[in-house]
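> Give me coordinates for this.
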Amino acid sequence: MLVSKSFKVPKELSKEQFYFQVLSPKFSEVDYDAVMSSQERLRHVFAENSKWPEADMTFETNKNDLIRHEKEFNSREAFAYAVFNSAENNYLGCIYINPTEHVDYDCEVYLWVKTARLHLIKSFSDCKRLVN
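Next up is the predicted model:
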């Protein structure tokens, strides 16, 4: 189990420059646009030389991914968040907190920022303060 049953996993969180909300199908349109506009770079985020996202990935395929992420969140298997600016009007990317098989770690955390917002990556990497 990634977190104890007693731990209350936040469904949303607002911190200085960023607003986080559970990644779900309600973000399908903005997520699809962000993913497709950042394809080449995203193929190196989760695994070296990954094929995701494929050049011809459909809106429906992406929406199904978001449905899966929301189900994983609700079942406490993994936690994915859509990330917006603090005004909540600009979709920036996603953060994923996944279980790991690495003995020395409790989880794996991945994040991506859409290519048009790469300048925010330093601030994004400072998000470790969110769990303190």
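
> Now the nearest residue to Phe84 once chain neighbours are set aside: phi and psi?
Distances taken as CB to CB, 6 or more residues apart in numbering place Tyr19 nearest to Phe84, at 4.5 Å, with adjacent residues excluded. To be clear about C-beta, it is placed using only N, CA and C from the backbone, and glycine gets the same treatment. Main-chain torsions, Tyr19, degrees, to the nearest 10: phi -130, psi 130.

> residues near Tyr19, how many?
20 (other CB atoms under 10 Å).

> Need the pLDDT of it.
For Tyr19, the model assigns a pLDDT of 95.

> got it, and the one 5 residues further on?
Residue-level confidence at Ser24 comes out at 98, pLDDT.

> mind listing the strands for the protein?
Per DSSP state E, the chain carries strands over the ranges 12-15, 18-22, 79-85, 91-98, 108-113.

> can you redo the ones you listed as TSV with distance to Glu48?
Shown next, in TSV, are these (distance: least, CB to CB, whole Å):
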stretch	distance to Glu48
strand 12-15	30
strand 18-22	27
strand 79-85	21
strand 91-98	17
strand 108-113	13
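
> dump the residue contacts of Glu29.
If you count contacts by CB atoms under 8 Å, 6 or more residues apart in numbering, Glu29 has none.

> Could you rerun that using 10 Å?
Glu29 makes contact with 59, 62-63, 91 under the criterion CB atoms under 10 Å, 6 or more residues apart in numbering.

> Which member of the residues you listed is positioned nearest Phe84?
Among the contacts of Glu29, Tyr91 lies closest to Phe84 (CB to CB), at 5.7 Å.

> The closest one contacts Asp31, doesn't it?
Yes. Using CB atoms under 10 Å, Tyr91 makes contact with Asp31 at a distance of 6.9 Å.

> Mind checking which of these two has more residues around it?
Asp31 (24 against 18).

> isn't that one right up against Cys94?
Yes. The pair formed by Asp31 and Cys94 meets the contact definition of CB under 10 Å, at 7.5 Å.

> so what's in contact with these two at the same time?
With CB under 10 Å, 6+ apart as the test, Asp31 and Cys94 both reach 23, 66, 69, 82, 114.

> Can you tell me which of the residues you listed is nearest Tyr105?
Nearest to Tyr105 among those, with distances taken as CB to CB, is His69, at 20.7 Å.
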